[in-house]
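1. Okay, here's the prediction I keep looking at, along with the sequence it came from:
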Amino acid sequence: QTILDQTTPYWQQRWIGTGVLFLVYIIRVWVISAYYIVTYSLGIYLLNLFLAFLQPKFDPAMEQMEEGADDEAALPTKNDDEFRPFIRRLPEFKFWYWGTRGIATAFLCTFFPIFDVPVFWPILVIYFLILFGLTMKQRIKHMIKYKYVPWNFGKKSYAKSGEK
């Protein structure tokens, strides 16, 4: 836990390491031409994590929001509502941690023949792409409807008075 806590500020290095691990995994699956069901399962798992990363912790679409302190962090639903920060359902560090752990687990599964279930991989690819497209379409519609953006890229930033 201490080592994980020390890596928290180094998000770029963490994601580069995860990307390298994922690339090694993909190369291994491609070279041995096997373990497609493990790769498909990993893709579904990473898609699930990604969707949780994009969702607000307190979803404005839910009609029954808890009263009290949790309600203060909800997204504004009207133009005259005050600004409330975007709080993710799955924070970036947990997204990285569980994603890396999933990739490492899938990589380990490629060393055991019991996980090499024979499947016709093009069907899995098509099904995954359809699933990805539909879920992202739904998530983007939700973002547009409730007027929130789950990332900081492209948002206005305001400088303190006297600074440019």
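-> Here it is on my side, so go on.

2. what's near enough to touch Leu47?
-> Contacts of Leu47 were listed using C-beta atoms under 8 Å, 6 or more residues apart in numbering, and they are 128, 131-132, 135. (Each C-beta comes from the backbone N, C-alpha and C, glycine too.)

3. Likewise for Thr18?
-> Counting by C-beta under 8 Å, 6+ apart, Thr18 makes contact with 96, 99-100, 103.

4. let's see it at 6 Å
-> Shown in contact with Thr18 (C-beta atoms under 6 Å, 6 or more residues apart in numbering): Thr100.

5. That one belongs to a strand?
-> No. Assigned with DSSP: H, G, I helix; E, B strand; the rest coil, Thr18 falls outside any strand and is helix.

6. For the residue most central in space within the chain, grab phi and psi.
-> Nearest to the geometric centre of the chain sits Phe50, at 1.9 Å (C-alpha atoms, centre = their mean). Phi and psi for Phe50, reported as degrees, to the nearest 10, are phi -60, psi -40.

7. separation between it and Tyr148?
-> Counting by C-beta to C-beta, to the nearest Å, the separation of Phe50 from Tyr148 is 16 Å.

8. can you give me the strands in the chain?
-> With DSSP state E as the criterion, the chain has no strands.

9. helices and strands of it: which one bottoms out on pLDDT?
-> helix 69-72 (a mean of 49; mean pLDDT, DSSP states H and E).

10. about what we covered before: restricted to helices, list the contacts of Leu47.
-> 128, 131-132, 135 (DSSP state H).

11. Format those as JSON lines; extra columns: pLDDT and neighbour count.
-> Putting the ones in helices among the contacts of Leu47 into JSON lines (pLDDT from 0 to 100; neighbours: other C-beta atoms under 10 Å) gives the following:
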{"residue": "Phe128", "pLDDT": "95", "neighbour count": "15"}
{"residue": "Leu131", "pLDDT": "95", "neighbour count": "13"}
{"residue": "Phe132", "pLDDT": "95", "neighbour count": "15"}
{"residue": "Thr135", "pLDDT": "93", "neighbour count": "15"}
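
12. With respect to Val24, which of the residues you listed is nearest?
-> Nearest to Val24 out of the ones in helices among the contacts of Leu47 is Phe128 (C-beta to C-beta; 20.5 Å).
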